Each structure stands twice: as structure tokens, then as C-alpha cells.
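**Q** Need coordinates for the below:
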Amino acid sequence: MHLTNRWGVLVMFCLRRGTHRFSELRRRIDGISEKMLTQTLRDLENDGFVIRNEYPIIPPHVEYSLSENKGVEVAEKIYDLVQWIEQNEN
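**A** I've put the predicted structure just below:
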């Protein structure tokens with residue numbers, strides 16, 4: 001369910017390009033609120049698609065990336081679907 005909503009697809013699409021910090025994701029995903037991005041990342045992490053890495057420094061530094069198997073595979077499928085849609089738009 002979390003993958004098929006608007007924000008889940010966009011987060012997975014962005015993370016396909018590599019590891020990002022929260023603020024980077026927020027800038028890249030136009031229109032997403034801080035609250036919605038937080039919830040989406042938590043949901044995708046709980047579902048095993050996203051990995052959250054927290055570094056114990058001040059100020060806190062948190063990075064998000066795709067999980068090795070499940071996340072990478074799903075992100076590639078999302079990318080393929082987006083490419084297909086763009087190629088077949090009329």
C-alpha cells in the first residue's frame with residue numbers, strides 16, 4: 001500500500017539515484033510536507049524498502065537509502081513504469 005501512493009513512488013524514485021538526507025528529499029519532491037515525508041519514510045522503512053542510517057553527531061545527521069534487495073528491485077520496477085508511461089503518453 002505504501003509503495004502505490006503518490007509520495008511512496010516519488011521517494012523510491014528519488015532514492016534510486018542514491019543515498020539522500022531528509023532535506024535533500026524534501027527539496028527534490030515538490031509539494032510534499034515535512035510531516036508527509038517523515039510518515040512516508042517511516043512506512044517504507046517498516047516495509048523493508050528503505051534503510052535509515054543515523055549518525056551520532058551534533059547536529060544529527062540522518063541518511064536514507066534503498067534496502068539492498070527489496071528496495072533496489074522495487075525502485076527499478078517503478079523507474080521502468082515511469083519510463084513506459086512517459087513514452088506512451090498521448
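**Q** For my notes, confirm Val9 occurs in a strand.
**A** No. Judged by DSSP: H, G, I helix; E, B strand; the rest coil, Val9 forms no part of a strand; its state is helix.
**Q** Excluding covalently adjacent residues, which one is nearest to it?
**A** Nearest non-adjacent residue to Val9, counting by Cβ to Cβ, 6 or more residues apart in numbering: Ile78, 5.8 Å away. (C-beta placed from N, C-alpha, C; glycine too.)
**Q** same check, this time on Val74
**A** Per Cβ to Cβ, 6+ apart, closest to Val74 is Phe49, 5.9 Å.
**Q** How about Met12?
**A** Spatial nearest neighbour of Met12, chain neighbours left out: Ala75 (4.8 Å); criterion: Cβ to Cβ, 6+ apart.
**Q** Figure out how far the helix or strand hosting the one you found is from the centre of its chain.
**A** Per DSSP states H and E, Ala75 falls inside helix 70-87. Computed by Cα atoms, centre = their mean, to the nearest Å, the chain-centroid distance of helix 70-87 equals 12 Å.
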